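Q: let me see the structure of the following:
(one chain, ligands or ions: 1)
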Amino acid sequence: MRMVDLIQKKRDGYCFTNEEIDFIINGFTCGSIPDYQMSAFLMAVYFQGMDSLETTQLTMAMVNSGDIMDLSGIHGVKVDKHSTGGVGDKTSLIVGPLVAAVGVPVAKMSGRGLGHTGGTIDKLESIEGFHVKLSQEAFVEQVNKHKIAIVSQTGNLTPADKKIYALRDVTATVNSIPLIASSIMSKKIASGADAIVLDVKMGSGAFMKTLADARELAKIMVQIGKGLKIKTIAIITDMNQPLGYEVGNANEVKEAIEVLNGKGEAGFVKVCLTIAAYMTVAGGIYTDFIQAYAALSGVLQNGEALDKFKEFIDAQGGRAAVADNPELLPRARNHVELKSTLAGYIQNIAAEQVGIAAMLLGAGRKTINEPIDYAAGITLKKKVGDEVQPDDVLAVLHSNQTINPENCQILSKAFVIGPQRPGELPDVYDVIE
Ligand code: URA
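A: Here you go, the predicted structure:
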C-alpha cells in the first residue's frame with residue numbers, strides 16, 4: 001500500500017477498507033508516514049468526510065495504537081462523561097461527585113486546558129495539595145472506596161490521537177465530524193468505560209455551530225459506541241455563551257461548590273442534572289430519566305453531593321476545607337471591571353473570545369507546557385437576555401499580572417448588545433440515544 005494512493009482515494013471521494021485505515025494510523029503512529037502526507041490525508045477527510053463504518057474503524061485503529069485501561073477491578077458499571085469542549089465548563093466537578101454520591105463509580109481521566117478551552121485537571125489543581133497522578137492500583141482502589149477518582153491521562157493511551165490532534169490543530173482540520181468523533185470515542189473506549197455520556201456542545205463557542213451538525217456528530221458517536229456494545233448517550237447542550245458565570249480555574253471551582261451547595265445558575269444546574277441523570281440511568285441506579293433527575297436534584301439540595309466532593313478532594317490530597325470556605329482558593333491580586341458603554345440587551349457572549357481573554361490573563365496556556373495562574377479568570381456579571389445600562393458592569397477580570405486596557409478590549413469584543421431582548425436560549429437541545 002502507498003499513502004499517496006490512499007490520499008488520492010479519499011480526495012476523489014471513495015471509502016477506505018479497514019486494512020487501509022489501519023495502514024494509515026499504524027504508519028503515522030510509528031513514523032513511517034510523514035506529517036506532510038498525513039496533513040493531506042486529514043484535509044481530504046475534512047472535505048470528503050467518512051461514512052460510519054470508516055469512522056468506527058478509524059476509532060478502533062486509534063484505540064489499538066496504544067494501551068487500553070483495565071478497569072475490571074472496579075465494582076459496578078463505570079460510566080464516563082465527556083464534553084466536546086466549552087468555555088467555563090466545570091460540569092465534571094459537579095457531575096462527578098453528584099453521581100458518585102448515589103453509587104455510580106466515576107473513574108475519570110481528564111485533560112488540561114489548551115488555547116481558549118479550560119481543562120478539568122487544571123481546575124482541580126487550583127485546590128492546594130490536590131494531586132492528579134495516581135498509579136493504576138491506587139486509582140482502582142480509590143474508586144472502589146470513594147466511588148470517584150479524577151486523574152490526568154497516564155500511560156500510552158491513544159498515541160495516534162495525540163499525534164493526529166496536534167497536526168489537526170495546525171492544519172485547520174479540527175472541525176471535521178469523523179475526526180472529532182473518532183478522537184473523542186477512541187479516548188473514551190481506551191479509558192475502559194462501560195457506558196459513555198457525551199455532552200455535545202452546540203453554538204458560536206463550540207466546534208459544532210449548528211444543531212444539524214451537532215446532531216450528526218452525536219449520532220455517529222452513539223453509533224460507534226453501540227457497535228462496540230458500549231451504551232452511549234449524547235446530550236446536545238448550548239455553547240452560545242460560556243457555561244455559568246465563571247471562566248478560569250479557582251473561580252470555576254468556587255462556582256462548582258456553589259452548585260454542589262444547591263445554588264447556581266438555573267440553566268447550568270439543568271445541564272449538570274441532565275448529564276448526571278443519564279449517567280445514573282446508564283449505571284443502573286435509577287430506572288428512568290425523570291426519576292433520576294428528581295432524585296439527583298435532592299442530592300444537590302441535601303448536601304450529599306457536596307460531602308462527596310469533600311471526600312474526593314481529601315482522598316487526592318487536596319484541601320477539602322475549600323468546600324466550606326471557597327475564600328481559601330487562590331485569589332488574584334488585581335481585579336478590573338469591564339463596563340458597558342451601551343444600553344440594551346445582551347444578545348450574545350462569544351464564548352471563544354471570553355476563553356481567549358481568560359487565557360491572556362493567565363488562566364490558560366498558549367502552548368502545552370506554560371504555567372497557569374490559577375487565580376486568573378473572568379466573572380461574568382451579565383448573561384444573554386440581561387438588560388444593561390451604560391456603566392453597568394458586564395464582567396470582572398482577575399489576574400496576578402497587570403490587567404491592561406488591551407485585556408478589557410479583547411473581552412469587550414465578546415459582548416454583543418442590541419435593542420431587543422433576544423429569545424431565550426435552550427440549555428439542552430436534544431438527546432440522542
Ligand atoms: N475533543 C477531542 O478530544 N477531540 C476532538 O477532535 C475535538 C474535541
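Q: just the helices in the stretch 51-200 of the chain please.
A: 52-63, 91-101, 120-125, 136-146, 159-170, 177-190 (DSSP state H, counting those that start in this stretch).
Q: name the helix or strand for the residue nearest to G264 when sequence neighbours are not counted, please.
A: Distance criterion C-beta to C-beta, 6 or more residues apart in numbering; nearest residue to G264, sequence neighbours excluded, is E258 at 5.0 Å. Quick note: C-beta positions are derived from backbone N, CA and C, even for glycine. Here E258, judged by DSSP states H and E, is contained in helix 250-260.
Q: in the protein, what residue comes closest to the ligand?
A: Nearest residue of the chain to the ligand: S183, at 3.5 Å (C-beta to the nearest ligand atom).
Q: okay, now that residue: neighbour count?
A: Applying other C-beta atoms under 10 Å, we find 22 residues neighbouring S183.
Q: ok, it to L58 distance?
A: Using C-beta to C-beta, to the nearest Å, we find S183 at a distance of 9 Å from L58.
Q: now swap in Q420 and tell me
A: As judged by C-beta to C-beta, Q420 and L58 stand 45 Å apart.
Q: which stretches of this protein form strands?
A: 79-83, 106-110, 148-152, 195-202, 231-238, 246-248, 334-339, 344-349, 377-380, 387-388, 393-399, 415-418, 428-432 (DSSP state E).
Q: any idea what the residue most central in space within the chain is bridged to?
A: Central residue of the chain (C-alpha atoms, centre = their mean): S83, 3.6 Å from the mean position. For S83, the beta-bridge partners under DSSP bridges are D199.
Q: got the contact list for it?
A: S83 makes contact with D89, T91, S92, L198, D199, K201 under the criterion C-beta atoms under 8 Å, 6 or more residues apart in numbering.
Q: could you pick out the buried ones from these?
A: D89, T91, S92, L198, D199, K201 (16 or more other C-beta atoms under 10 Å).
Q: who touches D386 in this structure?
A: Residues near D386 by C-beta under 8 Å, 6+ apart: Y345, I346.
Q: then the one 10 residues further on?
A: Under the criterion of C-beta under 8 Å, 6+ apart, the contact list for V396 reads H335, V336, E337, L338, I378, T379, K381.
Q: list the contacts of M3.
A: So M3 contacts I24, G27, I33, Q37, F41 (C-beta under 8 Å, 6+ apart).
Q: any idea how far it lies from R168?
A: M3 is 17 Å from R168, where distance means C-beta to C-beta.
Q: what's the answer for M279, then?
A: Using C-beta to C-beta, M279 is found at 29 Å from R168.
Q: which one's more surrounded, these two?
A: Shown here are M279 and R168; by other C-beta under 10 Å, M279 has more neighbours (27 against 23).
Q: just to revisit the earlier point, looking at Q420 and L58, which has the bigger crowd around it?
A: Under the neighbour definition other C-beta under 10 Å, Q420 and L58 were set side by side, and L58 has more, 28 against 8.
Q: could you check the pLDDT of that one?
A: L58 is assigned a predicted lDDT (pLDDT) of 98.
Q: check contacts around the residue lying closest to L411 once chain neighbours are set aside.
A: Spatial nearest neighbour of L411, excluding adjacent residues (C-beta to C-beta, 6+ apart): A357 at 4.0 Å. Contact analysis of A357 by C-beta under 8 Å, 6+ apart lists I378, L397, N407, I410, L411, A414.
Q: burial count for the residue nearest to T171 when sequence neighbours are not counted?
A: Nearest non-adjacent residue to T171, counting by C-beta to C-beta, 6+ apart: S39, 4.7 Å away. Other residues near S39 come to 17 when the count uses other C-beta under 10 Å.
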